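Visitor: need a structure here:
(one chain, ligands or ions: 1)
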Amino acid sequence: MKVICPLCDKIEYLDDNSFQAKRLRNRRKHMFLCRKCYERIEVKTKERHATGKFRLYSVKKNSSSLI
Ligand SMILES: [Zn+2]
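Guide: Coordinates of the predicted model:
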């Protein structure tokens, strides 16, 4: 089956019997991402998670306590 990546409009061909093709046919709203975009998003998500964790540990300094 032919699938188009919505992010880069790249056309990829999936084996009709592959797990991914079956999943896409069952859930038509399921977004297909080509391997490049998938990896790019995965990296971004991991980076965001890392930043989020980092923010959790940062402490706000209260400089108005001198008044
Ligand atoms: Zn793509």
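Visitor: can you map out the strands along this structure?
Guide: 2-4, 11-13 (DSSP state E).
Visitor: CSV for those strands, including distance to Lys36 and mean neighbour count?
Guide: In this view, the C-beta of every residue, glycine as well, is placed from N, C-alpha and C. As requested, the strands of the chain are arranged in CSV below (distance: least, C-beta to C-beta, whole Å; neighbours: other C-beta atoms under 10 Å):
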stretch, distance to Lys36, mean neighbour count
strand 2-4, 14, 12
strand 11-13, 10, 11
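Visitor: got JSON lines for the ones you listed, with distance to the ion too?
Guide: JSON lines is the format used below for these (distance: least, C-beta to the ion, whole Å):
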{"stretch": "strand 2-4", "distance to the ion": "9"}
{"stretch": "strand 11-13", "distance to the ion": "8"}
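Visitor: and the ones you listed as a markdown table, adding mean pLDDT?
Guide: Formatted as a markdown table, the strands of the chain follow (pLDDT from 0 to 100):
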| stretch | mean pLDDT |
| --- | --- |
| strand 2-4 | 88 |
| strand 11-13 | 89 |
